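Visitor: Sequence and predicted structure, then a few things I'm wondering about:
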Amino acid sequence: MIFINPKTDFAFKKIFGSEQSKDILISFLNALLYQGRAVIQDVEILNPYLAPQIQGIKDTYLDVKARITGDKTVIIEMQVLNVEGFEKRILYNAAKAYSIQLQPGEDYTILSPVIALTITDFEMFEHLNQVISNFILKEKKLLTDYPINDLELVFVELPKFSKSLEELETLTEQWIYFIKTARTLETIPETMAQVPEIRKAFEVANQANLTREELEALEQREIYIHDQRNAIRRALRQGKEETRREIAKQLLDVLDEETISRKTGLSLEEVRQFKIDELNDE
């Protein structure tokens, strides 16, 4: 078998965002939000487009949006690229999903809680060790909860999950393993196939079950992500190179050329050229 990559937004929506996948979504959300407890009994898949109610407000498109047991709204995003402003976008989407519940004239008391679940293919919180992080409103000094915790931000950082197939113990770990590694597998692991919803997720993700149009859309999305990743890496390399150059220029009057070269990683020829350029500028 060849499985599509759940980490691409196209595949993620295909696996978790359709009416035929409600049982998959219930199991997935119970695993990531409630440690595998069967808190959610039913879901209603909603339109993932957050239409603005005020002219000029930015449109928002989510990967999956659903109403769950307890009259809560869950918005889900799978994020592969660590783009600038991403943290603000998560907060913006959560606040927007909360605010658009009200029509003009309606009372604030009818507002229902919103959970923003974000799965990232990069580390967001380097100072935290856990794979799953939950954020709610708290008092700054005493850390007591705000009287109404209607906004919750939940993050799953895939790079922090390092367990092998043999080490998986919980439903939560199995679902994270599915998201992170399904693309690399050739068969459905026997232990994971014992969970009906995970087995079904693998079946939906089986590339053989996709139409030609879906395969083309998936390929285009993967090409886009690959190109964007390369662009980000290139920008980072250029930024680091420019930083080394600036440091070298500042050290010209302090250290000898060989030491500057050794400290910055630049070639001795580059350092000497900086010195020549500086003399010419004078």
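Guide: Sure thing, it's come through. Numbering: from 1, shown residues only.
Visitor: ok, residue 112 touching residue 150?
Guide: Yes: if you go by C-beta atoms under 8 Å, residue 112 and residue 150 touch, sitting 7.4 Å apart. Any C-beta I mention is one placed from the backbone N, CA and C, and that applies to glycine too.
Visitor: who's more crowded, those two?
Guide: residue 150 (17 against 12; other C-beta atoms under 10 Å).
Visitor: who are the neighbours in contact with the closest residue to that one other than its chain neighbours?
Guide: What sits nearest to residue 150 in space, not counting adjacent residues and going by C-beta to C-beta, 6 or more residues apart in numbering, is residue 113, at 4.4 Å. Going by C-beta atoms under 8 Å, 6 or more residues apart in numbering, residue 113 touches 70-73, 149-152.
Visitor: do residue 27 as well
Guide: 171, 175, 195, 197-198.
Visitor: In helices, which of those residues appear?
Guide: 171, 175, 197-198 (DSSP state H).
Visitor: Could you break the chain into its assigned domains?
Guide: 9-210, 243-281 (automatic domain parsing).
Visitor: Tabulate those (CSV), appending mean pLDDT and distance to residue 219.
Guide: Converted to CSV, these look like this (pLDDT from 0 to 100; distance: least, C-beta to C-beta, whole Å):
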stretch, mean pLDDT, distance to residue 219
domain 9-210, 91, 10
domain 243-281, 77, 37
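Visitor: so which of those domains is the most packed in?
Guide: domain 9-210 (a mean of 16; mean count of other C-beta atoms under 10 Å).
Visitor: From the chain's centroid, how far away is it?
Guide: 9 Å (C-alpha atoms, centre = their mean, to the nearest Å).
Visitor: and the end-to-end length of it?
Guide: 15 Å (C-alpha to C-alpha, to the nearest Å).
Visitor: any idea where the strands of the protein begin and end?
Guide: With DSSP state E as the criterion, the chain has strands at 43-46, 49-50, 60-61, 64-68, 72-79, 114-120, 132-135, 151-157.
Visitor: residues of the longest helix seen in the chain that come out buried?
Guide: Criterion DSSP H: the longest helix present in the chain is helix 212-251. Across helix 212-251, burial judged by 16 or more other C-beta atoms under 10 Å covers 217-218, 221-222, 225, 244, 248-249, 251.
Visitor: before we move on, back to that, out of the strands of the chain, which is closest to residue 141?
Guide: When the strands of the chain are compared by C-beta to C-beta, strand 132-135 sits nearest residue 141, at 17.2 Å.
Visitor: Can you tell me what sits against that closest one?
Guide: 32, 125, 152-157, 172.
Visitor: give me that answer again for 7 Å
Guide: Residues outside strand 132-135 that contact it (C-beta atoms under 7 Å, 6 or more residues apart in numbering) are 32, 125, 152-156.
Visitor: got it, and stretch 167-187?
Guide: 1, 3, 5-7, 28, 31-32, 35-36, 119, 131, 156, 158, 161, 163, 165, 191-192, 195, 198, 201-202, 205.
Visitor: quick one: the helices in the stretch 51-200 of the chain?
Guide: 86-99, 171-181, 190-193, 196-205 (DSSP state H, counting those that start in this stretch).
Visitor: Would you reformat those helices as a markdown table and include distance to residue 271?
Guide: A markdown table is the format used below for these (distance: least, C-beta to C-beta, whole Å):
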| stretch | distance to residue 271 |
| --- | --- |
| helix 86-99 | 37 |
| helix 171-181 | 43 |
| helix 190-193 | 55 |
| helix 196-205 | 53 |
